[in-house]
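Asker: next input, structure requested:
(2 chains)
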Amino acid sequence: MLVIQNTLSGKKEEFKPINPPHVSMYVCGPTVYDYFHIGNARSFLISDMIRRYLEYKGYNVKFVMNLTDVDDKIIHKSKKENRSFSQVADTFTQAFFEDIEKLKVKPATLYPKATGHISEIITLISNLIDNGFAYNIDGNVFYNVARFKDYGKLSGKKTDELEVGARIEINNEKLNPLDFALWKKAKEDEPSWNSPWGKGRPGWHIECSAMSCKHLGDTFDIHAGGSDLIFPHHENEIAQSEAATGKPFVNYWMHFGFLNINEEKMSKSLGNFFTARDILAKYPAEAIRMFLFQTHYASPLNFSEEAIQAAQKGLEKFTNLVDKINSELSAPSQAAPMTDFDFPTFYSAFESTMDDDFNSPKAIAVLFDFIKEVNRKITESPSLNSGFYLKTKEFLEKTAIGVFGITSFEKEVPASSGIEDKLIELLLSIRATAKKEKNFTLADQIRDELLNLGVAIRDTKDKTLFKKV
RNA sequence: GGCGCUGUACCCAAGCGGUCUAAGGGGAAGGUCUGCAAAACCUUUAUUCGUCGGUUCGAAUCCGACCGGCGCCUCCA
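Answerer: All right, here's what the predicted structure looks like:
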């Protein structure tokens, strides 16, 4: 039984999709005004992991991630760089897709864009005005928070208390400082669309209501995002959607902890960030994923290169076993008796852990236990039935690869594979001869100098493996 | 000011009232294997969970106070 910590109730609840085996899931995606940073990446990777685990469970997941491609930051950047807002958005949309692919994120079912849904947005705003939940003041349309009695139910905020502490610049046009823009009247040199209220563009929150409704329906299963979106963004989405449809908007709200740096939230405005690109240039996607999944999604996580390196080191246990399996399966031995190994226990340990609100750190601990147990078998008996290796491979494919994407059975083909690998093989065969002749000085010299060149080698019984480091 | 999260070994981190004399990873130390390495395996590395009280037969887990860290209330994943 899968349970999910639901922000709406503040409790763990059993997950019951509206229409099983289908699951509808919406995650707030990027505003495409810059490269995303590793903190943003955390959200993308956590939602990827959640989606993958739901699929592991047999659900058919419709996973929608929006792209905010018109907004103040994009406009600001376009003015600064003297480009059109759509050029800026296109550039960083493309960069977004490049980066998530490198991070081995499984593509969402749909990536709807705000600018592709202007008519849906206008229809939704009209609906809200007609029902008295919104008002138009000189081409600016605002949501009337006071009209929505459940306002604050997600974030636990009370409207009267908010007003007290609010440092919002008071906009006299609004009836209430908490009211937020649904439609922003066009200014000079700003992108705009025609609407019943004149030229303008959508406010930030309305796009998510419009797009999630269009692609997932009035009520859907899971809506997720970073904790900083709880208020006001998700609170406002609820207000908009539920006022418009009269139905519950979302059944399960999930919120992710921040990625901190020096114990402070990583953010663009603080300037204390690393882009995912920068990190990907130094570390493989698997190491980044491992680093992130070794902490529970809702907890804050402090970023440090040491931590990524520790994760990468731990990952070697996976790759070493994968290499071993690959080499065993390339020369299968059916002869040995079938190995006695309790796969079902590991599957159920993995599942019961992940079923508990996606406890990935504990699930990864299960995987390490599994690896240790497999290695112990291998150590005990020199020759094992290939069926054992096949089942081991299948386990890793379903869990470590299918859910976490932290290793792979496919060999990465390096760009310069041709002659380079052949030269290494040549050196290794010379070294093998040297070893046979007990010329260990030469053998060690070859090993040391290969290592200096970034090639680590490892002798096994019948052959020598190498990998580039 | 309001609301919320958090403090576990050298570092990261799970733990959701009893199986905790507390998983897992990194690091460190010793051993087996190996020509030597590497990998793998074995052993060791918190009688203790920020501090002090309380509830309970029983608490890292619940309650209170205090100390420290963070976040939201304004764009932010």
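Asker: off-centre distance for the longest helix seen in chain A?
Answerer: If you go by DSSP state H, chain A has its longest helix at helix A:305-330. Distance of helix A:305-330 from the chain centroid (Cα atoms, centre = their mean, to the nearest Å) equals 22 Å.
Asker: how about the strands in the stretch 301-450 of chain A?
Answerer: A:301-303 (DSSP state E, counting those that start in this stretch).
Asker: would you mind naming what in it lies close to RNA strand B?
Answerer: When proximity is defined as Cβ under 7 Å from any atom of the strand, the stretch 301-450 of chain A approaches RNA strand B at A:301-302, A:306-307, A:309-311, A:313-314, A:316-317, A:320, A:356-357, A:359, A:361-362, A:364-365, A:368-369, A:371-372, A:375-376, A:378-379, A:435, A:440, A:443-444, A:447. The C-beta positions use only the backbone N, C-alpha and C, and glycine is treated the same way.
Asker: ok, which stretches of the stretch 1-150 of chain A are strands?
Answerer: Under DSSP E, counting those that start in this stretch, the stretch 1-150 of chain A gives strands at A:3-6, A:11-14, A:22-27, A:60-65, A:134-137, A:140-143.
Asker: can you tell if the last one touches RNA strand B?
Answerer: No - on the criterion Cβ under 7 Å from any atom of the strand, strand A:140-143 is out of touch with RNA strand B, staying 12.0 Å away.
Asker: measure how far that strand is from the centre of its chain, please.
Answerer: On Cα atoms, centre = their mean, the centre of strand A:140-143 falls 33 Å from the chain's centre.
Asker: what comes into contact with stretch A:133-141?
Answerer: If you take Cβ atoms under 8 Å, 6 or more residues apart in numbering as the criterion, stretch A:133-141 is touched by A:125, A:128-129, A:142-144, A:147-148, A:173-175, A:181-186, A:197-200, A:239-240, A:243-244.
Asker: which of the residues you listed fall in helices?
Answerer: Among those, the ones falling in helices (DSSP H) are A:125, A:128-129, A:239-240, A:243-244.
Asker: farthest pair within those?
Answerer: Using Cβ to Cβ, the ones in helices among the contacts of stretch A:133-141 reach their maximum pairwise distance at A:129 and A:239, which is 14.2 Å.
Asker: one step back: mean pLDDT, mean neighbour count and distance to residue A:35 added to the strands of the stretch 1-150 of chain A, as JSON lines?
Answerer: Formatted as JSON lines, these follow (pLDDT from 0 to 100; neighbours: other Cβ atoms under 10 Å; distance: least, Cβ to Cβ, whole Å):
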{"stretch": "strand A:3-6", "mean pLDDT": "96", "mean neighbour count": "18", "distance to residue A:35": "30"}
{"stretch": "strand A:11-14", "mean pLDDT": "93", "mean neighbour count": "12", "distance to residue A:35": "35"}
{"stretch": "strand A:22-27", "mean pLDDT": "98", "mean neighbour count": "23", "distance to residue A:35": "19"}
{"stretch": "strand A:60-65", "mean pLDDT": "98", "mean neighbour count": "22", "distance to residue A:35": "17"}
{"stretch": "strand A:134-137", "mean pLDDT": "94", "mean neighbour count": "19", "distance to residue A:35": "35"}
{"stretch": "strand A:140-143", "mean pLDDT": "95", "mean neighbour count": "24", "distance to residue A:35": "32"}
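Asker: beta partners for the residue of the stretch 201-350 of chain A found nearest RNA strand B?
Answerer: Going by Cβ to the nearest atom of the strand, RNA strand B is nearest to residue A:226 of the stretch 201-350 of chain A, at 1.6 Å. With DSSP bridges applied, residue A:226 shows beta-bridge pairing to residue A:256.
Asker: pretty sure it contacts residue A:255?
Answerer: Yes - counting by Cβ atoms under 8 Å, residue A:255 is a contact partner of residue A:226 at 6.8 Å.
Asker: enumerate every residue touching residue A:339.
Answerer: Contacts of residue A:339 by Cβ under 8 Å, 6+ apart are A:377, A:381, A:384-385, A:387-388.
Asker: do you know the pLDDT at it?
Answerer: Per-residue pLDDT puts residue A:339 at 83.
Asker: and if you look at residue A:418?
Answerer: Looking at residue A:418, the pLDDT reads 76.
Asker: what about it, how many residues nearby?
Answerer: 9 (other Cβ atoms under 10 Å).
Asker: how about the residue of the stretch 201-350 of chain A closest to RNA strand B, what does it touch?
Answerer: By Cβ under 8 Å, 6+ apart, the neighbours of residue A:226 are A:28, A:42-43, A:255-256, A:258.
Asker: swap the cut-off to 10 Å and go again
Answerer: Contact partners of residue A:226, counting by Cβ atoms under 10 Å, 6 or more residues apart in numbering, are A:27-28, A:39-40, A:42-43, A:46, A:233, A:255-259, A:265.
Asker: same question for residue A:464.
Answerer: A:424-425, A:427-429, A:431-432, A:435, A:447, A:457-458.
Asker: could you point out which of the residues you listed is nearest to residue A:466?
Answerer: residue A:457 (4.6 Å).
Asker: what separates the nearest residue to the closest one once chain neighbours are set aside from RNA strand B, distance-wise?
Answerer: Residue nearest to residue A:457 in three dimensions, not counting chain neighbours: residue A:466, with 4.6 Å by Cβ to Cβ, 6 or more residues apart in numbering. From residue A:466 across to RNA strand B, the span is 10 Å (Cβ to the nearest atom of the strand, to the nearest Å).
Asker: pull the number of nearby residues for residue A:466.
Answerer: 17.
Asker: ok, it to residue A:423 distance?
Answerer: Remark: distance between residue A:466 and residue A:423 (Cβ to Cβ, to the nearest Å) = 11 Å.
Asker: swap in residue A:443?
Answerer: Separation of residue A:443 from residue A:423 (Cβ to Cβ): 17 Å.
Asker: what about these two, which has more around it?
Answerer: Between residue A:443 and residue A:423, counted using other Cβ under 10 Å, residue A:443 has the larger neighbour count: 19 against 10.
Asker: residue contacts, the more buried one?
Answerer: Counting by Cβ under 10 Å, 6+ apart, residue A:443 has contacts A:430-437, A:459.
Asker: same thing but at 6 Å, please
Answerer: Residue A:443 sits next to A:431, A:434-435 when contact means Cβ atoms under 6 Å, 6 or more residues apart in numbering.
Asker: I'm done for today, thanks for sticking with me.
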